[in-house]
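**Q** Provided below are the primary sequence and the corresponding predicted coordinates.
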Amino acid sequence: MSELQFQQAYARLLTDTGFRQSVFQGDNACLKEYDLSNEQKQHLLQLNDERVEIFSELLITNRLSKAIEGLPLTTHLLGEVLWSTALEFNETCPPLQAKKYDEAMAFARFLRQKLDVKQSVNSGLIDVLEYEMNSLELRFEFDGRFTASNIENSSSANQYLYDSEMQSCIFPIRLLHNRILTFNHDVEQISEEINNGQTPSTIAKKTMHILFHVEPSGILGQDEINVPTMLFIEACDGETSLSKIIRDLARDLEQIRPEQFLNFENGCLNLCESMIERNVVGLTLIPSS
Amino acid sequence: MLYEIPFLGVGISFRQELSEVVDDPLTPVNFLELLTDHYIDMPPHKEQEARQLAARFPVVLHGVELSIGTACSVDERYLEKVQKVADWVGAKWISDHLCFTRVPTLNIGQLTPLSFNESVVDIVVQNIIKVTQTLKYPFLVENISYYFRVPPSTLMEAEFITRIVRGADCGMLLDLTNLQNNAINNNYDPYEFLDQMPLERVIQIHLAGGYYHRGILLDTHSHAVPQDVFDLLKYVLPKTKNLKGIIIERDQNFPSSQEISQELGQVQELLANCSLYNSFTLSKESAAN
């Protein structure tokens, strides 16, 4: 019969439509878990139901606005079903965290479960959702610690990047806070159209690989990359030397003729340099193993 | 400690969307209010942003997640995080709302009204004492907008607030827009309310504009400050002998520098016409010094 128990019942009444309806209809059974006194139960019944309803609707609007801010493309594509989806989200996922990021991710996870991946009509929306979820996670989980410049001996290793005699002594390591995602739809075009105020009537199919990366400043960047670039980044395990990575990739991609290999090697070195600038890869003189 | 702080002048509650307004040398901003929760558990560039703003302006912090009215002890981990942000910016004071936003099982995500009674007074006073003992910065509590009274409310709101700020010996952030909204939504006279308030404890004033939704005037910080709120400001200024600053809040529908300047100018004019403050009308440069 404490004030806290009353507040817990009151908070649930504001956030749970079904519970609120039960309470205002005088259903005492729904209040059992809160162990309220009869007086406290009466106090809940004395709340102005019309004003409480308006406040509760504002709570849902508030939750939705956080989802929209975090997932602008996804919520735009939901269109006419956005509000009903928000209502369902509110009933299914009680609010546990107030921060915009947490609410946006909670909505995203709810939507991901709800969308049936087998229905092709949803597949474009699922790609957009994945695109935005990953962007959001990377932006907000970046803590500035593991950057290319923080790696032991990185400044020494970096100066050997274009030194063919030292490339067997430097070990590229893929850093945290970057992800490579493969999409089946042109998510960048979708983003552009929505940002220009259009609603895409169809979502074009296109296989694309996007590298998301967070710069030391915390700014999120993204680049569409090809398969060789993806393979290079994935090969940077901190245990394999740069020269071996290049040789192995050249073999796998059949770039083994001398003139091919020379071009390929230069391409890899330039790629490595740009990945260091993007805080995707760092170099060290000490292998991880 | 609170009463020794120099008069800061007029300012705005900082949002990214208002960066140009703040940077505009013609906008008469003397100090800034930062939303504490925009800088807690955020990527490193947000700390940089806070420090850079504090290097240019005196800064106060304003939070929404303290939940001072929850009938359990305040979250000490959250207080540590608030302290950290306050230390970054050398906050002149820290404020939060006289409400609750969460209980152990739910986060309502919105400023939610408390019951106005002795029991809640005791809970809030104890929580504020804990906050002031922990934070080592002056602390203010703000009156919120509410659309319904929460039973059992045996005290009137003015008495409720008075008992809390005197019992906890803290300052008050008087939100005149919330007062005006509450007076309209709950049918009482805002001037009578002000006459009952411990105005000697008012350290800061908030001003904002909202709109009507389903017959209720909402506290949305989305419009210009209405004239009836400026009238309240004119009325209360001669009675607030310890006032240190006035902030205009805007969270959406962001205005131009010109519009904000006009509003700030109106506030400065009222200060200039008030004998208590007319010697303190500040330029941007003198406030920064």
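**A** It's in. Remember, predicted model here, so these are calculated numbers, not experimental data.
**Q** Enumerate the residues of the stretch 1-150 of chain A near chain B.
**A** Within the stretch 1-150 of chain A, the positions near chain B by C-beta under 8 Å from any C-beta of the partner chain are A:2-4, A:6-8, A:10-12, A:14-15, A:39, A:42-44, A:46-48, A:51-52, A:54-55, A:58-59, A:62-63, A:94-99, A:103, A:139-140, A:142-144. In short, each C-beta sits where N, CA and C put it, glycine included.
**Q** Show me just the buried residues among those.
**A** Buried subset of these (neighbour count, 16 or more other C-beta atoms under 10 Å in any protein chain shown): A:3, A:6-8, A:10-12, A:14-15, A:43-44, A:47, A:51-52, A:54-55, A:58-59, A:63, A:94-95, A:98-99, A:103, A:139-140, A:142, A:144.
**Q** what about the residue nearest the centre of chain A, which SS state?
**A** With distances taken as C-alpha atoms, centre = their mean, A:N134 lies nearest the centre of chain A, 2.2 Å away. Secondary structure assignment for A:N134 (DSSP: H, G, I helix; E, B strand; the rest coil): helix.
**Q** Could you check the pLDDT of B:S119?
**A** We note a pLDDT of 96 for B:S119 in this prediction.
**Q** Contact partners for it?
**A** A:E3 (C-beta atoms under 8 Å, 6 or more residues apart in numbering or on different chains).
**Q** Just the buried residues of stretch B:260-270, please?
**A** The neighbour-count check on stretch B:260-270 (16+ other C-beta under 10 Å) flags B:260-261, B:263-264, B:266-268, B:270 as buried.
**Q** repeat for stretch A:171-189
**A** A:171-175, A:177-181, A:183, A:185-187.
**Q** So which of those sit within helices?
**A** Judged by DSSP state H, these include A:V187 as members of helices.
**Q** what's the neighbour count on A:E259?
**A** As a burial measure, A:E259 scores 8 neighbours (other C-beta atoms under 10 Å in any protein chain shown).
**Q** what sits up against the helix or strand harbouring it?
**A** Assessed by DSSP states H and E, A:E259 sits inside helix A:258-277. The contact list for helix A:258-277 (C-beta under 8 Å, 6+ apart) reads A:148, A:158, A:161-162, A:172, A:229, A:232-233, A:236, A:242, A:245-246, A:249-250, A:253, A:255, A:281-283.
**Q** same check, this time on stretch B:266-274
**A** With C-beta under 8 Å, 6+ apart as the test, stretch B:266-274 has contacts from B:9-10, B:28, B:207, B:225, B:230, B:233-234, B:237-238, B:246, B:248, B:277-278, B:280-281.
**Q** Could the C-alpha coordinates of that stretch be exported in CSV?
**A** Presented in CSV, the C-alpha positions along stretch B:266-274 are these (Å, rounded to 0.1, in the frame of the first residue of the first chain):
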residue,chain,number,x,y,z
GLN,B,266,10.9,41.8,-25.7
VAL,B,267,12.3,40.0,-22.6
GLN,B,268,15.2,42.5,-22.3
GLU,B,269,12.8,45.4,-22.6
LEU,B,270,10.8,44.1,-19.7
LEU,B,271,13.9,43.7,-17.7
ALA,B,272,15.0,47.2,-18.6
ASN,B,273,11.7,48.5,-17.4
CYS,B,274,12.0,46.7,-14.1
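**Q** How far away from the center of its chain is that stretch?
**A** Averaging C-alpha coordinates over stretch B:266-274 and over its chain gives two centres that are 19 Å apart (C-alpha atoms, centre = their mean, to the nearest Å).
**Q** so after the helix or strand where A:E50 lies, what's the next helix or strand?
**A** A:E50 is part of helix A:49-70 when elements are defined by DSSP H and E. The element immediately downstream of helix A:49-70 (helix or strand, assigned by DSSP H and E) is helix A:72-78.
**Q** So which bits of that next one are buried?
**A** Neighbour counts over helix A:72-78 (16+ other C-beta under 10 Å) mark A:73-78 as buried.
**Q** Out of the residues you listed, which comes closest to A:A204?
**A** Among the buried residues of helix A:72-78, A:L77 lies closest to A:A204 (C-beta to C-beta), at 13.7 Å.
**Q** Next, give phi and psi for the closest residue to A:S56 other than its chain neighbours.
**A** Take A:S56 and drop its neighbours on the chain: the residue closest to it by C-beta to C-beta, 6 or more residues apart in numbering or on different chains is A:L14, 5.3 Å away. Main-chain torsions, A:L14, degrees, to the nearest 10: phi -70, psi -30.
**Q** try B:T112
**A** phi -120, psi 130.
**Q** and the closest residue to A:E53 other than its chain neighbours, how many residues sit next to it?
**A** Distance criterion C-beta to C-beta, 6+ apart; nearest residue to A:E53, sequence neighbours excluded, is A:R20 at 7.9 Å. With neighbours defined by other C-beta under 10 Å, the count for A:R20 comes to 20.
**Q** Equivalent analysis for A:V81, please.
**A** Neighbourhood size, A:V81 [other C-beta under 10 Å]: 10.
**Q** re earlier: buried subset of the contacts of helix A:258-277 as a PyMOL selection?
**A** In PyMOL, this line selects whichever of the contacts of helix A:258-277 come out buried by 16+ other C-beta under 10 Å:
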select buried, chain A and resi 148+158+161+172+229+232+233+236+242+245+246+249+250+255+281+282+283
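**Q** Please read off the pLDDT at A:A235 from the model.
**A** Per-residue pLDDT puts A:A235 at 96.
**Q** pLDDT on stretch B:197-215, on average?
**A** Computed over stretch B:197-215, the average pLDDT equals 95.
**Q** pretty sure B:S279 is in a helix, no?
**A** Yes - assigned with three-state DSSP, B:S279 falls within a helix.
**Q** What is the burial count for it?
**A** Residues lying near B:S279 (other C-beta under 10 Å) number 9.
**Q** Which positions in the stretch 151-289 of chain B make contact with chain A?
**A** Neighbours of chain A within the stretch 151-289 of chain B, by C-beta under 8 Å from any C-beta: B:151-152, B:213-214, B:216, B:218.
**Q** where in the chain is pLDDT low?
**A** Defaulting to chain A. Judged by pLDDT under 70, chain A has its weakly predicted residues at A:1, A:116-121, A:148, A:289.
**Q** oops, I was thinking of chain B
**A** In chain B, residues with pLDDT under 70: B:280-289.
**Q** which helix in it runs the most residues?
**A** Ordering each helix of chain B by length in residues (DSSP H) puts helix B:118-135 first.
**Q** Now stretch A:29-46: buried residues?
**A** Across stretch A:29-46, burial judged by 16+ other C-beta under 10 Å covers A:30-31, A:34, A:36, A:40-41, A:43-44.
**Q** Can you show me the strands along the chain?
**A** Let's take chain A. Ranges of strands in chain A, per DSSP state E, are A:171-174, A:178-185, A:205-214, A:220-225, A:281-284.
**Q** try chain B instead
**A** Listed in chain order, the strands of chain B (DSSP E) span B:9-13, B:31-35, B:59-62, B:94-97, B:100-103, B:106-112, B:139-142, B:171-175, B:202-207, B:209-213, B:216-223, B:245-248.
**Q** So which of those strands is nearest B:Y191?
**A** So among the strands of chain B, strand B:171-175 is nearest, using C-beta to C-beta, at 13.4 Å.
**Q** on that earlier part again, let's have the strands of chain A in a markdown table, adding distance to chain B.
**A** Below are those laid out as a markdown table (distance: least, C-beta to the nearest C-beta, whole Å):
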| stretch | distance to chain B |
| --- | --- |
| strand A:171-174 | 20 |
| strand A:178-185 | 15 |
| strand A:205-214 | 8 |
| strand A:220-225 | 10 |
| strand A:281-284 | 18 |
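**Q** B:I216 versus the residue nearest to B:Y188 when sequence neighbours are not counted, what's the distance?
**A** Nearest non-adjacent residue to B:Y188, counting by C-beta to C-beta, 6+ apart: B:N182, 7.6 Å away. According to C-beta to C-beta, to the nearest Å, B:N182 stands 11 Å off from B:I216.
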